[in-house]
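Enquirer: heads up, no residue letters with this:
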């Protein structure tokens, strides 16, 4: 007598006839009085045990059927049965490993719970990418999104960002878009990590641990300072002092803009102790803009001034007065209109705001500077303009008076080159 095979949902799957086998699915159903049914039943059990282990999917799967794909070592589940010419559809189940070291035999999409950091990670095909949490168990500092309840409006949470340090989740700063009061005795809703004596009030912006949000002081309540000191940028306590000759590292320095016609000392700050000093040898008048000192020292070696040029000229180029602007090059030997040499690093820069190096190059008027030269040059030779624009040449006896640029500090045997010149 045949019997009916029904699915879990009650839907009829097939009818198995007596003394026959049914292969509607990937398992073989045996009818009554079929000879050799034991082998078939045992193979069915084996297939279930293996999850139909094979590099190709089962030919007649049912929804919910699992299949172990031996080609990529993934366990898959059927979510759409075959229909007409459309093959059944499988999708892999994520694999999860839990260990202190990363698994080495992994496939793309495989999950791993890192027991050291306490984080869930996924293999991208190249590396493990953290799924979460963003900070692991071994990370002792983080910015954490959180919220508080204003004691005045306890039903409305106030969201903020907290800077948290250490294993005890100590909050050292809170960033908030609102100003609100807190009450340590207020326990409904329950207290949060930042609800301590050091955060009785939270001001809009950044509030430091122990800060007074009314005055802005970040230390007065903690260390007993009587003056207000504020949180500015990267400083936990801003500098607030009197004047340079009494300023110390503890009181700091404050500054203001002035154009008073008076003489002021110029302060100097010790980079190690932060102590301020003054020198009787240097003063400044804000009204006249005059800096008065005994002597000055420069790293470079020439005095130069900006002049407007008719083109962009390289350092060391010899220029004369003329052209469309103020200075230009010449091909005249010993030109008396000579202005000077384009300087790269002037020691003293006159008319410095006239323009840029491209439009108003610095022309060395005195001192040591590099210069383009042509021909044979001996150390000590007087130099004048040459027939090669922008280059200096050695002075000849017939050269006109007033055409000398400077004196050669180097030598050259022939051709073109660059040497140091003392501009006179």
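Expert: That came through fine. None of these values were measured; they are calculated from a predicted model.
Enquirer: what residue ranges in the stretch 251-400 of the chain score low on pLDDT?
Expert: Along the stretch 251-400 of the chain, segments meeting pLDDT under 70 span 251-255, 280.
Enquirer: Let me see the residues that make contact with stretch 83-92.
Expert: 57-58, 60-61, 67, 69, 72, 74-82, 109 (C-beta atoms under 8 Å, 6 or more residues apart in numbering). C-beta: built from backbone N, CA, C; applies to glycine.
Enquirer: 7 Å instead?
Expert: The contact list for stretch 83-92, computed with C-beta atoms under 7 Å, 6 or more residues apart in numbering, reads 57, 61, 67, 74, 75, 76, 77, 78, 79, 80, 81, 82.
Enquirer: which one's the longest helix in the protein?
Expert: Once the chain is assigned using DSSP state H, the helix that runs over the most residues is helix 37-50.
Enquirer: mind listing what's buried in the next helix or strand after it?
Expert: Where DSSP states H and E defines the elements, the next helix or strand beyond helix 37-50 is strand 66-69. By neighbour count on 16 or more other C-beta atoms under 10 Å, the buried set for strand 66-69 is 66, 67, 69.
Enquirer: excluding its backbone neighbours, what's nearest the last one?
Expert: In this structure, residue 69 finds its nearest non-sequential neighbour in residue 76, 5.7 Å apart by C-beta to C-beta, 6 or more residues apart in numbering.
Enquirer: Quick check: that neighbour is in a strand.
Expert: Yes: counting by DSSP: H, G, I helix; E, B strand; the rest coil, residue 76 is found in a strand.
Enquirer: doesn't residue 67 make contact with it?
Expert: Yes: applying C-beta atoms under 7 Å, one finds residue 76 in contact with residue 67, separated by 4.9 Å.
Enquirer: how about the helices in the stretch 201-350 of the chain?
Expert: Ranges of helices in the stretch 201-350 of the chain, per DSSP state H, counting those that start in this stretch, are 220-223.
Enquirer: can you give me the strands in it?
Expert: 201-202, 205-208, 264-269, 276-285, 290-293, 302-306, 318-321, 327-328, 338-342, 348-350 (DSSP state E, counting those that start in this stretch).
Enquirer: want to try a markdown table for those, with mean neighbour count and distance to residue 12 as columns?
Expert: Below are the strands of the stretch 201-350 of the chain laid out as a markdown table (neighbours: other C-beta atoms under 10 Å; distance: least, C-beta to C-beta, whole Å):
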| stretch | mean neighbour count | distance to residue 12 |
| --- | --- | --- |
| strand 201-202 | 18 | 67 |
| strand 205-208 | 19 | 70 |
| strand 264-269 | 14 | 92 |
| strand 276-285 | 14 | 96 |
| strand 290-293 | 11 | 103 |
| strand 302-306 | 23 | 99 |
| strand 318-321 | 24 | 103 |
| strand 327-328 | 22 | 103 |
| strand 338-342 | 26 | 99 |
| strand 348-350 | 15 | 98 |
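Enquirer: Residue 124: which of the ones you listed is closest?
Expert: Taking C-beta to C-beta, strand 205-208 is the member of those nearest to residue 124, at 36.4 Å.
Enquirer: For that closest one, which helices and strands make contact with it?
Expert: If you count contacts as 3 or more C-beta pairs under 7 Å, 6 or more residues apart in numbering; DSSP states H and E, strand 205-208 packs onto strand 170-176.
Enquirer: tell me the mean pLDDT over the strand it packs on?
Expert: Mean pLDDT, computed over strand 170-176, is 81.
Enquirer: Identify each buried residue in it, please.
Expert: 170, 171, 172, 173, 174, 176.
Enquirer: Closest one of those residues to residue 392?
Expert: Distances from residue 392 to those, taken by C-beta to C-beta, are shortest for residue 173, at 64.0 Å.
Enquirer: Would you check how far apart the nearest residue to residue 177 once chain neighbours are set aside and residue 180 are?
Expert: Spatial nearest neighbour of residue 177, excluding adjacent residues (C-beta to C-beta, 6+ apart): residue 204 at 6.4 Å. Going from residue 204 to residue 180 by C-beta to C-beta, to the nearest Å gives 9 Å.
Enquirer: Comparing these two, which shows the higher neighbour count?
Expert: Taking neighbours as other C-beta atoms under 10 Å, residue 204 and residue 180 compare with residue 180 leading, 19 against 12.
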